[in-house]
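K.L.:
Make a model of this:
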Amino acid sequence: MFRSKEEIDKIKQHESPPFVIENAVDVELFLQYYAENKNKIVQKNTGPQVLTIPPEDNFFFYSLQNILKENIGEFKVRNAHFFETEVPHVIHNDDVFEDSNPYKAFTIPLRIFGFPDDIKLILFDQYFYHGPAKFFNGDTSEREVFYNKSITNYKYLSYTNNKGIDKNIQKNYLNHCNKEWLEGLSIHTVLDWKIGNILCFDSLQLHCSSDFTIQGVNKKIGLSVFTVKE
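P.N.:
Take a look at the predicted model:
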């Protein structure tokens, strides 16, 4: 997949800085829904367990969707799923092969197993407009990336630079990312992974979890929502 300049320009019209909707959801209600549907969970070969919410499910479309539309206007949901992971997500975007006009992505923290102190969602300045991908600059090994492409050369990454990333940020949050993967990247925003908040950002903006394992956190549960602009 390789988008044209016209398609990219269309996507860029709807881009905006990341933001947070605070205390926006009934966490216990969401967790109850997740717990009662354990039989629907599929184990990805890349780590997290997921539970996809069917598009016709009233649980999603008459509660969460209304909150989101109040903040970003009209959109179409292309996927919404719970995730339960013991491994921090590496650098990726939230694109899709089947649609040319991706919009916003949302992450909703629901539960943390351990003693959290400083868990984050890291948003980079860089964007990738050519399909769902994970980013391993300079890597020569084969990696399990599930649906995504494995990008080992940042030639087609937008807004790369030589700013670098502060060593304290690397040490405190990015231990799970090899130093080479971060070359050409820079930090845009660091959002708190706070239970009940909705973390909002552009789908094609590179991002990753902080390395929560170094804080003794064993696992976390969240909800991801991916949208397109009609």
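K.L.:
which SS state does the residue in the chain sticking out farthest from the centre fall under?
P.N.:
Relative to the centre of the chain, the most outlying C-alpha is that of Glu6, 25.0 Å out, by Cα atoms, centre = their mean. The three-state label given to Glu6 by DSSP: H, G, I helix; E, B strand; the rest coil is helix.
K.L.:
Could you list which residues are in contact with it?
P.N.:
Under the criterion of Cβ atoms under 8 Å, 6 or more residues apart in numbering, the contact list for Glu6 is empty. Bear in mind the C-beta positions are built from the backbone N, C-alpha and C, glycine included.
K.L.:
Asn162 now?
P.N.:
Gly184 are the contacts of Asn162 under Cβ under 8 Å, 6+ apart.
K.L.:
any idea how far it is from Phe124?
P.N.:
Look at Asn162 and Phe124: by Cβ to Cβ, to the nearest Å, they are 14 Å apart.
K.L.:
ditto for Asn137
P.N.:
12 Å.
K.L.:
More neighbours: those two, which one.
P.N.:
Between Asn137 and Phe124, Phe124 has the larger neighbour count (other Cβ atoms under 10 Å), namely 23 against 20.
K.L.:
So the closest residue to His130 other than its chain neighbours, which state does it fall into?
P.N.:
Spatial nearest neighbour of His130, excluding adjacent residues (Cβ to Cβ, 6 or more residues apart in numbering): Phe2 at 5.1 Å. Assigned by three-state DSSP, the conformation of Phe2 is coil.
K.L.:
What degree of burial does Phe2 show, as a neighbour count?
P.N.:
8.
K.L.:
Show me the helices in the protein, by range?
P.N.:
When assigned using DSSP state H, the helices of the chain occupy the ranges 5-12, 27-35, 58-59, 65-72, 167-173.
K.L.:
wait, what's in contact with Lys207?
P.N.:
Not Lys; residue 207 is His. Ile91, His92, Asn93, Leu121, Ile122, Leu123, Phe124, Phe201 are the contacts of His207 under Cβ under 8 Å, 6+ apart.
K.L.:
Which one of the residues you listed sits in the busiest neighbourhood?
P.N.:
So for these (other Cβ under 10 Å), the most neighbours sit at Asn93, 27 neighbours.
K.L.:
just to revisit the earlier point, got a pLDDT number for the residue nearest to His130?
P.N.:
Reported pLDDT at Phe2 in the predicted model: 87.
K.L.:
right, and Asn101 touches Thr227 too?
P.N.:
No - counting by Cβ atoms under 8 Å, Asn101 stays clear of Thr227, with 10.0 Å between them.
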